[in-house]
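Peer 1: With the sequence up front, the predicted model follows.
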Amino acid sequence: MRRYESYKPSGVEWLGEIPSHWDVKRNIGVFDERKESNQANMELLSVTINRGIIKQDEITAKKDSSNEDKSKYKVVRKDDLAYNKMRMWQGAIGASDYDGIVSPAYIVLRPRDTLYSRYFHYLYRTEAFINEANRHSYGLCLDMNSLRYEDFKTIYSPIPPRTDVERIVNFLDQKTAEIDAAIAKKQRLIELLQEQKSILINQAVTRGLNPNVAMRDSGVDWIGEIPIHWELKKVKHVAHVSPSKTLDQRKRTEDIVSFLPMEKIGIDGTYDDNEGKIVKTVYDGFTYFAKGDVVIAKITPCFENGKGAWLNNLSTEFGFGTTELHVLRPKKIYGDFLFQLLNRKSFLTQGEEFMVGSAGQKRVPTEFVANYLFGCPPIQEQLQISEWINEFSKKISKIITTAFKQNELLIQTRSLLISEIVTGKIKV
C-alpha cells in the first residue's frame, strides 16, 4: 500500500496530517441528532463494543418480555450511527444495518450524507478517535465517563471525498471480513485444543494411563467403571479438609508470609504469591493454608471457572488468602493428583448443582468437597498420572499459546490497518 500524493496539516491534534484533498469538519456540521421516539413495536438493538450495532436477539436467544415502557426508546434508522454515552470510552459505537430502537440513554446520529455511515463506523472505533472522544467526556472516573451529544458535536472529523470513502469502505469491508474469518478459525482451533486437553486429562484421572487395564463397576452411576485395582474413596478419607491454624500451632508474629487474593489464582493451577503480608495482620479473617495444600475457589463464578492450585511451590511454609477458598491438605494422596481430580469439568459441573446462597454469592459447601467420591489409584500410579498430565499440558499449552499470540497479532493488524486507512495515512 502507498501514501497519498500530498498531505497537509489537519489542524487537529488527534489526526495529524491528512491528504491534501481531504477536509476536516466539526461533527455539528456532519450529523444531526435523531430524537425520534418509538411509535411502533420496533426491534430492539444493542450497541456493542466488539461489533457495533447488532440485534438484541444475537446476544440472547430469549425474547424481550420485560414490562419496561419502550415508548421513550430512541429510534435508529438504517445508516444511522448510535453510541452508548457511558461506554464510548471503550468504543461502543457503530453504524446500523437495521431499523430498530435503542435505550434512551444512547445517542443516535444521522449523517447528512449516509454514504459516510460505514466510514464513520470504522473511524469512530479506532483507538485514536476513542481517546479523543474520551477527552471530551466527563465523569467522576474513567468508568463513569459520559460523552454527551453537546460535546460530541464539537469534535473534528476527517471528511474524505465521496470517491475515496467508497473505495475505503469497500476495501475495509472485504479485508476485515477476511481477517475476522481467520480470527474465528484460530479461535475455533483454540477451543478444540482446550476441549481435547480437558477430555484427555479427565480420562487419565478417572481411568489411568493403561488403555488395556481390567475394569470393574464402581457401583456409582456417575462414576461408572474404574480400574480393577483402584479403590473408591471420599476426599475426606485422603486429605484434611479446612485444616486449622492450631493444627500447625501458628502464631501471630511479625513474619511476612505468602498472601493469595482471588485475582492471583489462575484457572490452570498457576498462582502468584509475591504479595506478602505480616502474619498478625492476616491471622484473623483470612483463609489459612500451608505449602503442599490444595486450594479451590468456593464462590461463583470462580469455582465454575476452575480457580485453584496445588501450593507445592509456595514461597513460605504457610500463608493466608481470600476467605473464598476451600483448603485440602493431602495425607494419603499426591497433591497434584488431587488438584487435577478437582479441576475437572465434571467435578465443577457437579459442584455447581450443590451450590447454596443467593444469586451472585453462591458457594460450594465444604460437605460436597469432603464427601466427593472418586476412584483412587495407588500413590505410585498417581505420580505417573500427574507427570503425564504435566508433560501433556506443557505441549498442548504451547500450541494454544502460539495460537493466542497469532490471534492477537491478527487483531492488532486489523486495528492498525483500519486506523491508517480511515485517517488517510495510507491509500487504498
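Peer 2: Good, I have the coordinates.
Peer 1: All the helices of the protein, residue numbers only.
Peer 2: For the chain, applying DSSP state H gives helices covering 117-123, 127-135, 149-152, 162-207, 235-238, 279-282, 302-305, 335-342, 345-353, 366-370, 379-422.
Peer 1: Residue 365: neighbour count?
Peer 2: Using other Cβ atoms under 10 Å, residue 365 is surrounded by 15 other residues. Using the backbone N, CA and C atoms, a C-beta is placed for each residue, glycine as well.
Peer 1: nearest spatial neighbour of the residue nearest the centre of the chain, skipping sequence neighbours?
Peer 2: Centrality entry for the chain: nearest residue to the mean C-alpha point is residue 305, 11.2 Å, by Cα atoms, centre = their mean. Of all residues not flanking residue 305 in the chain, residue 267 sits nearest, at 5.1 Å (Cβ to Cβ, 6 or more residues apart in numbering).
Peer 1: My read is that that neighbour contacts residue 307, right?
Peer 2: Yes: contact criterion Cβ atoms under 8 Å: residue 267 and residue 307 qualify, at 5.5 Å.
Peer 1: who has more neighbours, the two?
Peer 2: Comparing residue 267 with residue 307 by other Cβ under 10 Å, the one with more neighbours is residue 307, at 26 against 14.
Peer 1: What distance do you get for that one to residue 322?
Peer 2: Distance of residue 307 to residue 322, computed by Cβ to Cβ, to the nearest Å: 10 Å.
Peer 1: so what sits against both of the two?
Peer 2: Each of residue 262 lies in contact with both residue 307 and residue 322 under the rule Cβ atoms under 8 Å, 6 or more residues apart in numbering.
Peer 1: coming back round to it: among the helices of the chain, single out whichever gets nearest to residue 262.
Peer 2: In terms of Cβ to Cβ, the element of those nearest to residue 262 is helix 302-305, at 6.0 Å.
Peer 1: packing partners for the closest one?
Peer 2: strand 294-297, helix 345-353 (3 or more Cβ pairs under 8 Å, 6 or more residues apart in numbering; DSSP states H and E).
Peer 1: quick one, which of those is packed in tightest?
Peer 2: With neighbours taken as mean count of other Cβ atoms under 10 Å, those reach their highest mean count in strand 294-297, at a mean of 25.
Peer 1: so how far is that strand off the chain centroid?
Peer 2: Computed by Cα atoms, centre = their mean, to the nearest Å, the chain-centroid distance of strand 294-297 equals 21 Å.
Peer 1: which helices and strands sit right next to that strand?
Peer 2: Using 3+ Cβ pairs under 8 Å, 6+ apart, the elements in contact with strand 294-297 are helix 302-305, strand 308-310, strand 325-330, helix 335-342.
Peer 1: So which of the ones you listed is the most surrounded?
Peer 2: strand 308-310 (a mean of 26).
Peer 1: For that strand, name the packing helices and strands.
Peer 2: The criterion is 3+ Cβ pairs under 8 Å, 6+ apart, and the helices and strands that strand 308-310 contacts are strand 294-297, helix 335-342.
Peer 1: Which neighbouring elements make contact with the longest one?
Peer 2: Going back to what we said before, that points to helix 335-342. With contacts defined as 3+ Cβ pairs under 8 Å, 6+ apart, helix 335-342 has these neighbours: helix 162-207, helix 235-238, strand 294-297, strand 308-310, strand 325-330, helix 379-422.
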